[in-house]
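A.B. asks: need a structure here:
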Amino acid sequence: MTKVISIHSFRGGTGKSNITANIAAKLAQQGHRVGVFDCDIQSPGIHVIFGLDTNTIVNTINDYLWGTCQIQQAAYQVFTDAASGGSVHLVPSSIKANDIARILRESYDANAIHNAFRELIAALQLDYLLIDTHPGLNEETLLSIAISDVLLIILRPDQQDFQGTSVTVSVAQRLRVPDIKLIVNKIPPDYDVADVQRKVEEIYGCPIAALLPLSLEVAQNASSQLFALKAPGHPFSEGIQQLVDQL
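C.D. replies: Residues are numbered from 1 along each chain as shown. Just a heads-up that it's a prediction; the model follows:
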């Protein structure tokens, strides 16, 4: 049975897409078939991390929503692990300004995206479906959270993220999401990691799945490739592996 995982943050800039991409690749290394949806339709970008050239993209989730393609026609195999046979298939959102403007102008039926989830799961026989959500809480994000088996909420150790995450956790609990986990990202090197974990778990009453450091190496990578594969021994990569082991 396919496990559906939403990866969400209340604010932008938390590293959500980078974490999503690296989770997907590590799951594929374990031999799983993984689907990833870029549902940040207003500001897409996860395709960059997977090295998917925009010139090779023919169809996107936008085209599916407009009824001009089947969802499997908008899915691109962006990673394969030769040893395990696992793979990652990405459904990108359009990066074209006209397409983004059209989505914002005309809107779309959020339920149609859920039809896309079901159709891709069946077509590709996925083990995992990862949903890279839009930051904040809109209709599409709420529906995605509601159908998830696992919700991963990413936050940074600052007060704005703390308040926004509190709202997200409360909403997810009301939607009865079975498994809510927190990921604290970009922890400065002078912070006491154990103290961060204690405070966050006390505030939200949810387990922390990973504590990821603020890293110059990750920043210099600049979303150019999958960092957890490039540097598996790095603390960031070890945190991603620790997280994947819990999924």
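
A.B. asks: Quick one: find the helix or strand in this structure with the lowest mean pLDDT.
C.D. replies: helix 139-146 (a mean of 87; mean pLDDT, DSSP states H and E).

A.B. asks: Adjacent strands (with direction) for the following helix or strand past that one?
C.D. replies: Once the chain leaves helix 139-146, the next helix or strand it forms, by DSSP states H and E, is strand 150-155. Taking DSSP bridges as the criterion, strand 150-155 forms sheet pairs with strand 3-8 (parallel), strand 179-187 (parallel).

A.B. asks: and the angle from strand 150-155 to helix 139-146?
C.D. replies: Interaxial angle of strand 150-155 relative to helix 139-146 (axes from the mean of the first three to the mean of the last three Cα atoms, to 10 degrees): 120 degrees.

A.B. asks: returning to what we had before: can you add mean neighbour count and distance to residue 168 and give the strands paired with strand 150-155 back as a markdown table?
C.D. replies: Just so you know, the C-beta spots here come from the backbone N, C-alpha and C atoms, and that holds for glycine as well. Output for these, formatted as a markdown table (neighbours: other Cβ atoms under 10 Å; distance: least, Cβ to Cβ, whole Å):
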| stretch | mean neighbour count | distance to residue 168 |
| --- | --- | --- |
| strand 3-8 | 23 | 6 |
| strand 179-187 | 21 | 9 |
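
A.B. asks: any chance of the ones you listed in TSV, plus distance to residue 160 and mean pLDDT?
C.D. replies: As requested, the strands paired with strand 150-155 are exported to TSV (distance: least, Cβ to Cβ, whole Å; pLDDT from 0 to 100):
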stretch	distance to residue 160	mean pLDDT
strand 3-8	16	97
strand 179-187	13	96
